[in-house]
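Engineer: coords below, sequence missing:
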């Protein structure tokens with residue numbers, strides 16, 4: 001991972017105004033000024049623990065000053081949040097955590113002066129509003145605060161929702177299987193919302209790992225918390241979603257309950273929190289247990305574009321600050337066909353499949369990208385292209401290219417006519433969409449009873465008619481499957497116009513022959529068959545381009561990108577992929593659309609190739625079980641490769 005350290009400093013000299021400090025928060029004002037707060041006093045829980053504040057001006061942090069106190073009752077866990085012209089400070093007051101009250105103050109001048117404190121939810125005990133980490137503003141305007149309650153016997157997390165920052169509604173608690181817990185549970189969530197509208201929570205836990213939960217209704221209800229492969233030492237974490245969709249997590253990469261709080265590090269996810277990079281260490285003192293001289297904890301992180309701003313507790317003596325600039329995500333070059341996963345896109349329809357549902361299609365594009373796919377194959381067989389009008393195919397191609405916005409490359413097909421002249425017109429539509437490549441459907445270039453010579457002659461007519469275009473080939477099974485011979489592949493390679501083939505032979509021996517035929521030619525082979533994907537990668541295939549990427553793209557991302565790593569994980573993923581692929585037989589693409597709806601994509605099951613009314617309750621149960629099985633299966637996988 002490439003990044004640049006812009007600044008690393010401490011906010012103040014240790015013990016300059018108080019003996020101990022902890023639990024910092026950071027926020028940026030619209031003019032770029034950074035602000036930070038923390039609690040400090042004789043020690044955590046001491047009666048003199050108050051909230052302190054500093055601004056970063058001209059590259060230096062101002063002398064800390066006290067901005068809130070509890071009059072002999074300790075203050076805890078400040079959270080700063082800029083909200084429409086006002087800098088808000090949330091913090092807790094109470095001698096014991098179960099008796100916490102949440103207080104709030106506002107500043108209209110960037111923290112120079114503050115309003116009197118008031119209770120966020122009058123009369124409520126235990127902690128409402130943000131418990132440690134910043135709220136997030138959802139797409140619908142709702143303010144969502146990550147919250148939790150601790151008692152002597154249980155820890156529970158939830159979210160507080162507010163339309164205006166004044167009125168607050170507590171969500172249902174995040175469900176958790178208490179029978180499976182070794183400790184009290186989960187607290188201190190950190191949140192992000194992805195481009196589909198799904199809200200995600202990572203949670204501190206007593207279980208040696210970060211747990212996760214998801215909400216499809218803007219934080220009102222949550223999925224059962226499940227273990228991730230990310231370690232947790234039962235200490236606070238924080239994360240932030242960048243404008244480009246990356247998620248940055250700051251944490252102690254240590255497993256245990258009340259384990260060591262060193263090192264502290266950040267890691268980056270490019271697939272919506274499914275997997276993370278290796279942790280990049282910020283501070284570290286070797287230690288075997290949690291001790292003050294080696295404590296780097298309770299991080300807070302915000303981001304502007306590719307710049308990260310991080311604070312955390314430094315040995316309880318000061319607050320550390322980092323400004324780190326991540327390298328931008330490399331955008332694909334025009335015409336680049338990346339190795340990895342190319343999803344065959346389904347088409348969302350309105351009720352009765354009368355029209356393409358473009359708002360849902362936009363959410364679907366975001367969902368694919370956030371789940372790590374390397375490219376989008378639009379207007380294909382999965383898109384029901386044979387049942388789309390020419391105008392629909394043309395507009396869909398243009399729309400997908402526009403909404404992908406260069407984040408991943410897009411290839412487009414859509415030539416369904418019989419006459420080559422009509423196909424050329426349809427392929428020019430695909431080219432004019434701005435796609436990175438245009439995909440020829442192998443069975444459109446010759447009838448089933450016609451020779452490869454006819455195929456080559458028609459292919460040459462297309463190449464001549466559209467000279468300024470890169471092509472791919474799709475061995476589409478409808479209306480009949482025409483597999484390319486090695487000789488035909490060699491001819492394609494000699495033209496210099498083809499970049500890839502989507503192979504549907506489902507036969508490893510044939511795949512090996514095809515790979516030999518295109519070796520060194522620049523043509524890449526993408527396997528459409530789930531059961532043979534791992535072995536085909538070992539043979540030299542470039543990746544996966546099949547319908548099952550609509551169900552669990554993250555599986556294929558891991559399998560195609562990291563199959564050389566942990567062999568056990570790769571084999572486990574292959575076993576699951578092979579068995580799960582039977583879902584293709586269960587009324588695809590209706591089943592895929594239903595599965596996507598379970599994952600938070602606002603897509604109907606309506607289809608033009610299958611009657612969605614035949615997608616019975618039994619088939620729905622089977623699809624839900626497939627999703628649940630994949631979630632359970634991931635828990636069995638060894639740590640990430």
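Structural biologist: Cool, the structure landed. All of these numbers come straight from a predicted model, not from anything done at the bench.
Engineer: was I right about residue 11 contacting residue 61?
Structural biologist: Yes: in this structure residue 11 lies within contact range of residue 61 using CB atoms under 8 Å: 4.5 Å. Using the backbone N, CA and C atoms, a C-beta is placed for each residue, glycine as well.
Engineer: and the two? which has more neighbours close in?
Structural biologist: Neighbour comparison, residue 11 and residue 61: the larger count goes to residue 11, with 23 against 18 (by other CB atoms under 10 Å).
Engineer: measure that one to residue 53 for me?
Structural biologist: 10 Å (CB to CB, to the nearest Å).
Engineer: domain map for this structure?
Structural biologist: Domain segmentation of the chain under automatic domain parsing yields 3-326, 340-562.
Engineer: which one of these lies nearest to residue 579?
Structural biologist: Comparison of the domains of the chain against residue 579 by CB to CB identifies domain 340-562 as nearest, at 8.8 Å.
Engineer: now the helices for the stretch 401-550 of the chain?
Structural biologist: Counting by DSSP state H, counting those that start in this stretch, the stretch 401-550 of the chain has helices at residues 420-432, 452-465, 486-495, 508-518, 533-539.
Engineer: what comes into contact with the fourth one?
Structural biologist: I take that to be helix 508-518. Identification of contacts with helix 508-518 by CB atoms under 8 Å, 6 or more residues apart in numbering yields 483-484, 486-487, 489-490, 493, 501, 503, 505, 524-525, 527, 532, 535-536, 539-541.
Engineer: mark which of the residues you listed are buried, thanks.
Structural biologist: 483-484, 489, 493, 501, 503, 505, 524-525, 527, 532, 536, 539, 541 (16 or more other CB atoms under 10 Å).
Engineer: residue 360: which of the residues you listed is nearest?
Structural biologist: residue 527 (28.6 Å).
Engineer: tell me the SS of residue 235?
Structural biologist: coil (DSSP: H, G, I helix; E, B strand; the rest coil).
Engineer: which pLDDT value belongs to it?
Structural biologist: Residue 235 is assigned 98 on the pLDDT scale.
Engineer: ok so, going back, which neighbours do residue 11 and residue 53 have in common?
Structural biologist: Residues touching both residue 11 and residue 53 (CB under 8 Å, 6+ apart): 36, 64.
Engineer: buried sites along stretch 37-57?
Structural biologist: Buried residues in stretch 37-57 (16+ other CB under 10 Å): 37-41, 49-56.
Engineer: again but with stretch 322-333, I slipped
Structural biologist: For stretch 322-333, using 16+ other CB under 10 Å, the buried residues are 322-324, 326, 332.
Engineer: and the helices of the stretch 401-550 of the chain as JSON lines, adding mean pLDDT and distance to residue 268?
Structural biologist: As requested, these are exported to JSON lines (pLDDT from 0 to 100; distance: least, CB to CB, whole Å):
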{"stretch": "helix 420-432", "mean pLDDT": "96", "distance to residue 268": "34"}
{"stretch": "helix 452-465", "mean pLDDT": "96", "distance to residue 268": "41"}
{"stretch": "helix 486-495", "mean pLDDT": "94", "distance to residue 268": "37"}
{"stretch": "helix 508-518", "mean pLDDT": "96", "distance to residue 268": "33"}
{"stretch": "helix 533-539", "mean pLDDT": "96", "distance to residue 268": "24"}
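Engineer: which helix runs longest in the chain?
Structural biologist: helix 617-636 (DSSP state H).
Engineer: avg pLDDT for it?
Structural biologist: 87.
Engineer: quick one: contacts for the most centrally placed residue in the chain?
Structural biologist: The chain has residue 272 as the residue nearest its centroid, 0.8 Å off, counting by CA atoms, centre = their mean. With contact set as CB under 8 Å, 6+ apart, residue 272 has these partners: 194, 200, 245, 247, 370-372.
Engineer: re earlier: any residues in contact with both of residue 11 and residue 61?
Structural biologist: Common neighbours of residue 11 and residue 61 (CB under 8 Å, 6+ apart) are 36, 54, 321.
Engineer: neighbours of the closest residue to residue 469 other than its chain neighbours, how many?
Structural biologist: Distances taken as CB to CB, 6 or more residues apart in numbering place residue 431 nearest to residue 469, at 4.9 Å, with adjacent residues excluded. By other CB under 10 Å, 17 other residues sit near residue 431.
Engineer: got a list of what residue 431 touches?
Structural biologist: Contacts of residue 431 by CB under 8 Å, 6+ apart are 438, 466, 468-469.
Engineer: what is the nearest of those to residue 580?
Structural biologist: Nearest member of the contacts of residue 431 to residue 580, counting by CB to CB, is residue 438, at 30.8 Å.
Engineer: verify the stated contact: the closest one with residue 468.
Structural biologist: No: with contact defined as CB under 8 Å, residue 438 and residue 468 do not form a contacting pair (10.6 Å).
Engineer: who has more neighbours, those two?
Structural biologist: When residue 438 and residue 468 are compared for neighbours, residue 438 comes out ahead with 25 against 5, by other CB under 10 Å.
Engineer: for the more buried one, give the beta-bridge partners.
Structural biologist: residue 412, residue 471 (DSSP bridges).
Engineer: just the pLDDT at it, thanks.
Structural biologist: Reported pLDDT for residue 438: 97.
Engineer: next one: it from residue 392, what distance?
Structural biologist: 17 Å.
Engineer: run through the residues that contact the closest residue to residue 176 other than its chain neighbours.
Structural biologist: Nearest non-adjacent residue to residue 176, counting by CB to CB, 6+ apart: residue 225, 4.5 Å away. Listed by CB under 8 Å, 6+ apart, the contact set of residue 225 reads 157, 174-176, 186, 203, 205, 211-213.
Engineer: what's the answer for residue 197, then?
Structural biologist: Contacts of residue 197 (CB under 8 Å, 6+ apart): 138-139, 216, 218, 363, 600, 602.
Engineer: make TSV out of these and add distance to residue 452, secondary structure and neighbour count.
Structural biologist: Converted to TSV, these look like this (distance: CB to CB, whole Å; DSSP: H, G, I helix; E, B strand; the rest coil; neighbours: other CB atoms under 10 Å):
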residue	distance to residue 452	secondary structure	neighbour count
138	56	coil	17
139	52	coil	11
216	50	coil	19
218	56	coil	19
363	42	helix	23
600	46	coil	19
602	45	coil	17
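Engineer: among the buried residues of stretch 322-333, which are located in strands?
Structural biologist: Residues of these located in strands (DSSP state E): 322-324, 326.
Engineer: between those residues, which sits nearest residue 607?
Structural biologist: Proximity of those to residue 607 (CB to CB) peaks at residue 326, which lies at 40.8 Å.
Engineer: in this structure the closest one contacts residue 268, no?
Structural biologist: Yes: the pair residue 326 / residue 268 is scored as a contact, 6.9 Å apart, by CB under 8 Å.
Engineer: low-confidence stretches in the chain?
Structural biologist: Residue ranges of the chain with pLDDT under 70: 331-335, 638-641.
Engineer: which strand or helix spans the closest residue to residue 177 other than its chain neighbours?
Structural biologist: Of all residues not flanking residue 177 in the chain, residue 224 sits nearest, at 6.7 Å (CB to CB, 6+ apart). Taking DSSP states H and E as the definition, one finds residue 224 inside no helix or strand.
Engineer: what number of residues lie near residue 224?
Structural biologist: 13.
Engineer: contacts only, for it.
Structural biologist: Counted by CB under 8 Å, 6+ apart, residue 224 has contacts 174-177, 213.
Engineer: isn't residue 403 up against residue 365?
Structural biologist: Yes: contact criterion CB under 8 Å: residue 403 and residue 365 qualify, at 4.5 Å.
Engineer: those two: which is more packed in?
Structural biologist: residue 365 (26 against 19).
Engineer: ok, so what distance separates the residue nearest to residue 411 when sequence neighbours are not counted from residue 354?
Structural biologist: Counting by CB to CB, 6+ apart, residue 411 lies nearest to residue 437, which is 4.4 Å off, once chain neighbours are set aside. Distance of residue 437 to residue 354, computed by CB to CB: 31 Å.
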